[in-house]
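**Q** Generate a structure from the sequence data that follows.
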Amino acid sequence: MKIDVRVLTQVAEYLGNYVYLLIDPRTMAPFYVGKGTGTRLAAHGLEAETLSASDDETPVERSRKIAVIHDIRSAGLEPEVWILRHGMGSEYTHVEAAAIDLLSSFLTQSSPRMTPLSHLAALTNERRESARGHGIETLSNIVAEFGAPDLQPNIPQILLITLKPWVELEEVSPGGTVRSGYGFRTEWLNSTDRAAYANELGDSVRCWWKLSQSRVEEHGIDHVVAVHRGVTRGLFRIIPDSWEHDAGSGRRGFMVDPVLEGPLFDQVIGKYGYRTPPKKRGDISTLNYWPRPV
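**A** Numbering: from 1, shown residues only. Below is the predicted model of the structure:
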């Protein structure tokens, strides 16, 4: 894929030392584990056969990798690149070795179709806190996030709601419905079909917030936007007269309809999402208005 050099440089600086997997898109099974540095990514781009430095591979190993890549390309496809871990020091060599040992021990040709962390529930342990922010992700998603254009101010005012990682928790929501949890699921980052998870994402943005209904209405806001990792992920219309107040917590919520097309969708979500304005130092607020009120 053709990537702007400036975006690629940003991604390279962000990744630092990293370990990656090459995935066969026909089976979604990994066929190669490698390691690299941001400088190599910046110099050689995203071509799968150039991601590893030549002294990291034996001639036999490289020959096998290239053979699989050519086989994939002969089918009109490209290998997927998943970043297993990044932002490391010299330990990235040990991480690469551990990944090779693990996959060599447990990977079979009958592996189910996967996306990063899609089978996390099969483990009894949770993700380690130190992995969040530097854990497994497809390189295409990382590039898309860095390549997302800035959200422009020449749009009707909207409410931006930042979502943290998904929390499984059943609770009553506006309209008497019950949602299964809130936040942003990891697998949504790897989905190209927004409609498939729009309703569940809508459940996350519609309640329960320390939010002034009168302020929202005063500014004429009738749309909310789900934001995750600084990029817009979903647009929703607030259903009029659907506001509810939870007396116990003092928080408010409302019902929403997903917006999956149209002029505002193109301005706020588009194909890859838009990068939201950076927050001021110390600002950890979940709710933000855009364009910022004067």
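**Q** Tell me which stretches of the stretch 151-294 of the chain form strands.
**A** 158-162, 167-172, 178-182, 223-228, 231-238, 244-246, 251-253, 256-259, 287-290 (DSSP state E, counting those that start in this stretch).
**Q** wait, which of the ones you listed is closest to R194?
**A** Nearest to R194 among the strands of the stretch 151-294 of the chain is strand 231-238; the distance by C-beta to C-beta comes to 6.7 Å. The C-beta positions use only the backbone N, C-alpha and C, and glycine is treated the same way.
**Q** So which bits of the closest one are buried?
**A** Neighbour counts over strand 231-238 (16 or more other C-beta atoms under 10 Å) mark 231-236, 238 as buried.
**Q** same question, stretch 178-195
**A** Buried-residue list, stretch 178-195, by 16+ other C-beta under 10 Å: 179, 182-186, 188-190, 194.
**Q** same deal with stretch 210-226?
**A** Using 16+ other C-beta under 10 Å as the test for burial, stretch 210-226 gives 211, 216, 221-226.
**Q** In CSV: these, plus distance to P291 and pLDDT.
**A** Below are the buried residues of stretch 210-226 laid out as CSV (distance: C-beta to C-beta, whole Å; pLDDT from 0 to 100):
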residue, distance to P291, pLDDT
L211, 18, 93
V216, 15, 94
I221, 11, 96
D222, 15, 95
H223, 13, 97
V224, 15, 98
V225, 13, 98
A226, 18, 97
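**Q** L235 is in contact with I269, correct?
**A** Yes: between I269 and L235 there is a contact at 5.2 Å, judged by C-beta atoms under 8 Å.
**Q** what touches both of those two?
**A** V225 (C-beta atoms under 8 Å, 6 or more residues apart in numbering).
**Q** Please convert the strands of the stretch 151-294 of the chain to CSV, extending it with distance to A148.
**A** Output for the strands of the stretch 151-294 of the chain, formatted as CSV (distance: least, C-beta to C-beta, whole Å):
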stretch, distance to A148
strand 158-162, 14
strand 167-172, 25
strand 178-182, 23
strand 223-228, 11
strand 231-238, 5
strand 244-246, 33
strand 251-253, 28
strand 256-259, 18
strand 287-290, 15
